[in-house]
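this one's structure only:
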């Protein structure tokens, strides 16, 4: 039997070495893959024809707008637009690598198709076929972006793929967000723009009350103080040195009331693309226009500022007004219209008009000051964007609230077990019943029913997300896994990795329960020599470091190496997988019949990953006696994972907190020290 064991260990080690070798051989390919991850994949004419459902390949032209994409036209008619989720929102999947979906939107704001062109998702890579992915992505065809939840005319949102909740959830949200931004930016659906249709007759005072027109006044006394030594001298007084008024004229309720219907229509007809009309009127001693603009073509006294960008006002697009149609306006001496706009200018956001006043001094110099007119278009003149589809994680948490509560209840119960372990371990049968019952619940309910099996892939994904842009939404999509990880992280801080490995790991529970059945049927256990036992630990730590390191070069190769975990086959997919994966699981379980928790001891990269941060644990409540390891080595032979060395010390990196050693420690019928004390007392 020992020869069989050594042969099995040798086979496993060679298999692991083969995994390492395959990763090293493909290192050069992995580097090129990483370099190309940021490259944009444009749609071909044939792909555009398929997305828009036309027979002849249309013309596809790149558009580098605020929301970049491609315009698709045929015969001079625009069919719609295509955008890349990676190009628009930098969509990143659960693996921490880009997910790129090309989304096509018709001219009436309806998604006509979508195509997944790049991904490195763990479950999509090995667990599902390309046809499953294509069916899911194609299910967004017909979604009306004016009502993305499907309440308008169109199909319902496609269901996420079972066992690929996170990956397909990220794809879903990326498609909807990108399509919505594209449709709004191209004007396919209303949203965030200026309302150029609604008109309501209002007077100047009404416009001033709602904030549609705003003014700023600098008195004579304020100008005199700001321009010391100016010539000619500025008198004292409360009169206006300059009173500046401004308004954005695009909304009919503002522009048409101020200019009149004819002048407003003429102004809008002459308006250039992506341009807007700004009205400025002033009265007082100082002119907001000046005369230098006649030579330079630039109104040097005025500047429009939004954020950190300044937009000059030029002669191009300037119109002088001699009168206004509205009644009740201030006694303006000058009235001007300017066409404004430019890259990055958003009329719906606040902006400033800065007026600089300058005067010569008696010494031949010049003094100046600036006054600022703050302006923001009232929200009633801004069209509301269509409702955004609720993030998938909102819906999944609502749908799985019972599952989340059950996982939280299991974690609370485990916390109580950890806190009150001393009264528990003094009652051997009670401990055994709770232990077997909890492991059974973990395997059946948490594992097979809720699919709550943690994986080293999630550890790697978390590390990658920290480097590529962390987003909580990605991890919140799977409520059970998120809740489980939150509890495990807290438990590791308090008690170490054993909180998960010994109690909340479904595959660990499967191994321990199957070994318990084997021992009940008299299967003889193999005692691994301590020297060999400790050296075999190297395998799982090496596996974890190899998976993590390989993920920085090629996530796909890292996921292939991560198949050393049997969790997906045994728990997530319930053995419904290709026979090599099932055979691998059966070999591990067979080895576990002779060596309790064989996989946990020597091969589990997740256990190795948890052991590293678990060194920061706060509490150590596992008691030992001075005689442990010196006079008695019983606990060493009974330890589930061989975490007790010949000197009686418990290795926290390997301990799974099963508390079997604590039961022995307090069992007067088992512990040799207590038995010897009882005999001495009786004598």
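Done, it's in. Just so it is clear, the model here is predicted, and its values are computed rather than measured.

Any stretches of the chain with poor pLDDT?
Scanning the chain for pLDDT under 70 picks out the ranges 1-38, 94-96, 121-130, 147-165, 190-192, 387-389, 469-470, 683.

Toward the C-terminus, what is the element adjacent to whichever strand or helix holds residue 79?
Using DSSP states H and E, residue 79 falls within strand 77-84. Following strand 77-84 in sequence order, the next helix or strand is helix 85-89 (DSSP H and E).

circling back to that earlier point, so for the strand holding residue 79, what gets flagged as buried?
79-84 (16 or more other C-beta atoms under 10 Å). (Glycine included, C-beta is placed from N, CA and C.)

The stretch 151-300 of the chain: helices as residue ranges?
165-185, 204-209, 220-226, 252-259, 261-269, 293-296 (DSSP state H, counting those that start in this stretch).

what sits up against the shortest one?
This means helix 293-296. 299-300, 315 (C-beta atoms under 8 Å, 6 or more residues apart in numbering).

So which of those residues sit within strands?
Per DSSP state E, strands hold the following members of those: 299-300.

By neighbours, which of the contacts of helix 293-296 wins?
Within the contacts of helix 293-296, residue 299 tops the neighbour count with 21 neighbours, counted by other C-beta atoms under 10 Å.

quick one: contacts for the residue nearest to residue 675 when sequence neighbours are not counted?
Sequence neighbours aside, residue 668 is the residue nearest to residue 675 in space, at 6.9 Å (criterion: C-beta to C-beta, 6 or more residues apart in numbering). Taking C-beta under 8 Å, 6+ apart, we find residue 668 in contact with 674-675, 678.

Which among those residues count as buried?
residue 674.

Now render the contacts of residue 668 as a markdown table, adding secondary structure.
Formatted as a markdown table, those follow (DSSP: H, G, I helix; E, B strand; the rest coil):
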| residue | secondary structure |
| --- | --- |
| 674 | helix |
| 675 | helix |
| 678 | helix |
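
List just the nearest of the contacts of residue 668 to residue 492.
Set against residue 492, the nearest of the contacts of residue 668 by C-beta to C-beta is residue 674 (32.3 Å).

As JSON lines, the helices of the stretch 151-300 of the chain with distance to residue 639 and mean neighbour count would be great.
Listed next are these as JSON lines, based on distance: least, C-beta to C-beta, whole Å; neighbours: other C-beta atoms under 10 Å:
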{"stretch": "helix 165-185", "distance to residue 639": "36", "mean neighbour count": "25"}
{"stretch": "helix 204-209", "distance to residue 639": "80", "mean neighbour count": "16"}
{"stretch": "helix 220-226", "distance to residue 639": "84", "mean neighbour count": "17"}
{"stretch": "helix 252-259", "distance to residue 639": "80", "mean neighbour count": "24"}
{"stretch": "helix 261-269", "distance to residue 639": "83", "mean neighbour count": "15"}
{"stretch": "helix 293-296", "distance to residue 639": "88", "mean neighbour count": "11"}
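
Residue 100 is nearest to which of these?
helix 165-185 (8.9 Å).

quick one: that closest one to strand 77-84, angle?
Interaxial angle, helix 165-185 versus strand 77-84 (axes from the mean of the first three to the mean of the last three C-alpha atoms, to 10 degrees): 140 degrees.

Give me the next element, helix or strand, following the one helix or strand residue 61 maps to.
According to DSSP H and E, residue 61 maps onto strand 59-63. Counting by DSSP H and E, the element after strand 59-63 in chain order, helix or strand, is strand 69-74.

residues making contact with that following strand?
So strand 69-74 is in contact with 42-43, 48, 52, 54, 56, 58-63, 78-84, 87-88, 104, 182, 186, going by C-beta under 8 Å, 6+ apart.

Tell me the buried residues in that strand?
69-72, 74.

Just checking: what are the partner strands of that strand?
Under the criterion DSSP bridges, strand 69-74 sits next to strand 59-63 (antiparallel), strand 77-84 (antiparallel) in its sheet.

Okay, strands next: where are they in the stretch 351-500 of the chain?
Using DSSP state E, counting those that start in this stretch, the strands found in the stretch 351-500 of the chain span residues 351-360, 366-375.

Verify the stated contact: residue 222 with residue 241.
Yes: counting by C-beta atoms under 8 Å, residue 222 does reach residue 241; the two are 7.0 Å apart.

and the residue positioned nearest the centre of the chain, what is it in contact with?
The centroid of the chain falls nearest to residue 471 when counting by C-alpha atoms, centre = their mean (2.7 Å). Applying C-beta under 8 Å, 6+ apart to residue 471 gives the contacts 92, 465.

Go through the contacts of helix 293-296 and name the one nearest residue 329.
residue 299 (21.5 Å).

Against residue 680, how distant is the closest one?
105 Å (C-beta to C-beta, to the nearest Å).

Helix or strand: which one has residue 102?
Assigned by DSSP H and E, residue 102 falls in strand 100-106.

same for that strand, what does it pack against?
Counting contacts by 3 or more C-beta pairs under 8 Å, 6 or more residues apart in numbering; DSSP states H and E, strand 100-106 packs against helix 45-52, strand 77-84, helix 85-89, strand 111-118, helix 165-185.

and if we set it to 6 Å?
If you count contacts as 3 or more C-beta pairs under 6 Å, 6 or more residues apart in numbering; DSSP states H and E, strand 100-106 packs onto strand 77-84, strand 111-118, helix 165-185.

And for the residue nearest to residue 673 when sequence neighbours are not counted, the neighbour number?
With C-beta to C-beta, 6+ apart as the criterion, residue 673 has its nearest non-adjacent residue at 5.0 Å, and that residue is residue 627. Residue 627: 13 surrounding residues under other C-beta under 10 Å.

so which of the strands of the stretch 351-500 of the chain is the most packed in?
strand 351-360 (a mean of 18; mean count of other C-beta atoms under 10 Å).

the inter-axis angle of that one versus strand 366-375?
Going by the same axes, to 10 degrees, strand 351-360 makes 160 degrees with strand 366-375.

contact partners of strand 351-360?
227, 230-231, 244, 246, 286, 288, 301, 303-306, 366-375 (C-beta atoms under 6 Å, 6 or more residues apart in numbering).

Can you list the strands that it pairs with?
Counting by DSSP bridges, strand 351-360 is paired with strand 298-306 (antiparallel), strand 366-375 (antiparallel).

Residue 660: which of those is closest?
Closest among those, using C-beta to C-beta: strand 298-306, at 68.8 Å.
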